[in-house]
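[1] starting from these lines, generate the structure:
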Amino acid sequence: MGLFKSKGKHAQGAHAKPQYIEVEEVEEAPATEQDAETAEDAQPEAAAETAEDAAQEAVDQAADEAPEAEAETEGAVETTDEGEQPADGEAAESEAFDASDLSNFKDPETGAWAPVTSEGVVLQKKTPVGKVVGITFGVIIGVLLIAYIAGAIVFMGRFFPNTSIAGHDISMMPNEEVVQLLDDAVDSYSLDIVGTEFNFHADGKDVGLSIDSENVVAAMHEDLNPWTWPVLIFQESHDETDMLTVSYDLTKYDSKLINAISEYNKDATAPVDATIAYDEKQKKFTIVDEVPGTQYDSHVVLASMNDAISTLEPKIKLTSADLIQPNVFRDDERLVNSAELATGLVSAHVTLTMAEQKVAEIDGSNLSSFIQMNDDLGVTLDEEALDQWVTDLSNGFDTVGTERTYTRPDGKEITISGGAYGWSTDAPSLKEQVVEAVKKGETTTIDIPCEQTAAVYNGPGKPDWGSRYIDVDLSEQYVRFYDGDSVIWESACISGSPDGQHNTWPGVWYITNKESPSKLIGYLPNGQKEYETTVSYWMAFEGNGIGLHDATWQPSFGGSMYANGYGSHGCVNLPYDAAASLYEIADWGEVVIAHY
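    Predicted coordinates:
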C-alpha cells in the first residue's frame, strides 16, 4: 500500500470538509501458494478493516486536538502540505459535501477520485520525491546535450576565440575566410634578414612559395577538435602556426645568402677560442675567456631563413646566437687540466751568471712562451723552440766583434766594432744545462759556459776589457798604453796603407804572440812571396799576421805618412826603441784597440 497522511480538521456537522490521511504502504513477506490463495480471498476484507482502523484513529486524534487548535489559531489560516486551508471563521466559504457520498469523493485539487472512510476521511497516495528529481535532472541533461552538439557544429565551420596562425588573428573566422587569408599571405610574402650592418631580402615568389590552404585549415580543425569546445573556448590562446605547411625551394638563395655573409665577414672580427695564458702576478697559467667576434655563421642564418619562410615570418633580426661561435669555451674541463700541467712545466727558476754577475733569469715569464697546446687542448714544452731561445740568449752575451763604446782617459769617446777580443759563450753546453733544469722544474744557478772570456762583463755595448789596454789611434797615427788613467807608454806610428787591401782594421784585439826576433813574410794574392823581413820585436794581435813591431826602414813616424806611400801591409810600425820598450811591458793577451 501507499503512504497516506491525514490532513485538515475533524468534520463538524453534516457538511465538514473531509480530512486526508496518507497511509504507509507495508511490504508483506512472501507466502506459499496456499497462503497466497487464502490471502487473496481475505484481501478485500482485510484491506477495508485496515483502512477503517487507520482512518478511525486519525479522526479520533483530530477530534482530540481540534479544541486546542481552534483556540490557538482562531481567525488564522491553516497551512497543510496541500496549501492554505480556511480557519473556522471561514467555514461557510469552504466547499460542502454530502456525507452520504463519501465513498465516491473527488479531490477538488487534483480532479482524481479518492477512497474515503465512513468517517469522511479521504485516503490519498503521496508522489515519490526521487521521481521528481529524476525528471528535472533529465530535462537539464537534455538541454545541455543539445547545446553541446550545437556548439560542436558551430566550431566545425569556424575557429575558436583567441586563435591565430602565422601572426594573423582568426578568432571566430569562418573556414573560407581563413583559406583566403592564407592564400593572400603567401602571395604577398617577403623576408628581410637584418643584422649589424647586414641586410638581405628575399621574395616568396623567388623561392616558389605555395600553400594548400584547405589542407592547413583541415589540419587546424583536427588539432582543435570541435567536440572539445567546452574546454578550448576558455583557453587564453590557440597558436596554430605549427599546423602551417608551405612549399618552397631555397636552392637559388642558398648561394646568394652564403656569398652575402662571406663578403660581410671579411671586415668582421673572427671569434677567438678560450685558452690558457701565463699570469705574471699569480705566477701560473690561468684560463682566458673566449671572444665570439662579429662574423655571422652562414649555416645558422640559412637555417633561420628556412624556419622563417616555413612560418611566414616577415623579418629575421640576427642576434649573437647567429654569430660564428668559438670552438673552445672557458668551462671546458680540458683547459683546467692544461693550465695546471703548464704551470708545472714552467715552475723552474734558473739564474744565469757571467764573471760572477747575474746576467739573466729563466722562469715562468719567459718559459711560458714555449708551452704549446695541441688540438685536444693538451700542453707540451716546445723543446725545439726552447733550444733556439737559449742559443739566441747565449749569443746575446757574446761581445766578440760587437760594437762597444768607451771614453779614453783624455776624454775622447770612441765607438768600435770588430776584433777578436771579448766574451764568446758555449751555446750548446748552456742549452743542455738549461733544458735539463727546466724539465726537472729546478731552482738553480748556472754560470754560463764560455769558449772565450774577457776581463769583465758589463753587458752589451759596453767595454769588457780592464783598465790596462793599448790604444792605437789610426786617425792620429799615435799609440798609447793605458793603465787606468795613466799613459805608461806612447809613440807615433805608421799604420797600414788605406788602399782597401793593406788597411789596419779597426777592432778590439789582443796580443796573441810575442817573438824577438821574428821573420815577417808577406805573400801576394797569387801565393808568391812578396817580401821577407826580420824584425827585433814582434807583438802580433790579429792572428799572427798583423801586429806591432819595429820598422827601422821608415824615415819617420806619425802624421800622414801612412797615406803617402809609407803605409805598411797592415801592421803598426814603431820606432826601434819604442818597440823595444813596449815589448818589455806588454804581455800575452794584452788588449789592443785599433780605431779611428
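
[2] residues contacting the residue lying closest to residue 383 once chain neighbours are set aside?
    If the residues on either side of it in the chain are set aside, residue 383 comes closest to residue 435, at 6.4 Å by CB to CB, 6 or more residues apart in numbering. Just so you know, the C-beta spots here come from the backbone N, C-alpha and C atoms, and that holds for glycine as well. By CB atoms under 8 Å, 6 or more residues apart in numbering, residue 435 lies in contact with 383, 386, 387, 390.

[3] in a helix, the second one, correct?
    This points to residue 386. Yes - according to DSSP: H, G, I helix; E, B strand; the rest coil, the state of residue 386 is that of a helix.

[4] OK, contacts around the residue nearest to it when sequence neighbours are not counted?
    Once flanking residues are discounted, residue 386 sits nearest to residue 370: 4.6 Å by CB to CB, 6+ apart. Contacts for residue 370 (CB under 8 Å, 6+ apart) come out as 346, 381, 382, 383, 385, 386, 389.

[5] quick one, which of these are buried?
    By neighbour count, with 16 or more other CB atoms under 10 Å, the contacts of residue 370 hold 346, 381, 386, 389 as buried.

[6] how close does the third one get to residue 368?
    Distance from residue 386 to residue 368, counting by CB to CB, to the nearest Å: 11 Å.

[7] the closest residue to residue 153 other than its chain neighbours: neighbour count?
    Distance criterion CB to CB, 6+ apart; nearest residue to residue 153, sequence neighbours excluded, is residue 226 at 7.7 Å. The number of residues packed near residue 226 is 18, by other CB atoms under 10 Å.

[8] related to what we said a few turns ago, from the contacts of residue 370, which is closest to residue 304?
    Here the nearest of the contacts of residue 370 to residue 304, counting by CB to CB, is residue 382; it sits at 42.4 Å.

[9] ok, the closest one touching residue 368?
    No - with contact defined as CB atoms under 8 Å, residue 382 does not count as touching residue 368 (11.1 Å).

[10] one step back: in TSV: the contacts of residue 435, plus distance to residue 416 and pLDDT.
    Converted to TSV, these look like this (distance: CB to CB, whole Å; pLDDT from 0 to 100):
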residue	distance to residue 416	pLDDT
383	38	91
386	34	93
387	32	92
390	29	93
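
[11] and which of these is nearest to residue 284?
    residue 386 (19.1 Å).

[12] ok, now which ones touch that closest one?
    Contact analysis of residue 386 by CB under 8 Å, 6+ apart lists 367, 370, 434, 435, 438.

[13] circling back: including secondary structure and distance to residue 148, could the buried ones among the contacts of residue 370 go into a markdown table?
    Shown next, in a markdown table, are the buried ones among the contacts of residue 370 (DSSP: H, G, I helix; E, B strand; the rest coil; distance: CB to CB, whole Å):
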| residue | secondary structure | distance to residue 148 |
| --- | --- | --- |
| 346 | coil | 80 |
| 381 | strand | 81 |
| 386 | helix | 86 |
| 389 | helix | 88 |
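
[14] JSON lines please, covering the residues you listed and showing distance to residue 424.
    Formatted as JSON lines, these follow (distance: CB to CB, whole Å):
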{"residue": "346", "distance to residue 424": "29"}
{"residue": "381", "distance to residue 424": "28"}
{"residue": "386", "distance to residue 424": "22"}
{"residue": "389", "distance to residue 424": "19"}
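
[15] hang on, the earlier thing: I'd like the contacts of residue 386 as CSV, with distance to residue 486 appended.
    Compiled in CSV, these are given as follows (distance: CB to CB, whole Å):
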residue, distance to residue 486
367, 48
370, 50
434, 43
435, 48
438, 48
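
[16] which residue, other than its chain neighbours, is closest to residue 208?
    Excluding its sequence neighbours, the residue lying closest to residue 208 (CB to CB, 6+ apart) is residue 249, at 4.8 Å.

[17] tally of neighbours for that neighbour?
    11.

[18] in this structure it contacts residue 207, no?
    Yes - with contact defined as CB under 8 Å, residue 249 counts as touching residue 207 (5.8 Å).

[19] and of the contacts of residue 435, the nearest to residue 354?
    Among the contacts of residue 435, residue 390 lies closest to residue 354 (CB to CB), at 14.4 Å.

[20] which secondary structure state is assigned to residue 418?
    What three-state DSSP gives for residue 418 is strand.

[21] how distant is stretch 382-401 from the center of its chain?
    Distance, stretch centre to chain centre, for stretch 382-401: 43 Å (CA atoms, centre = their mean, to the nearest Å).

[22] actually stretch 136-156, not the one I wrote
    Taking the mean of its C-alpha atoms, stretch 136-156 sits 55 Å from the chain's own mean (CA atoms, centre = their mean).

[23] can you pull out the helices in the protein?
    33-72, 129-154, 175-187, 213-223, 229-232, 251-265, 298-310, 333-345, 364-367, 383-397, 427-440, 576-585 (DSSP state H).

[24] which intervals of the stretch 101-250 of the chain have sub-threshold pLDDT?
    Applying pLDDT under 70 to the stretch 101-250 of the chain flags the ranges 101-127.

[25] noted, bye for now.
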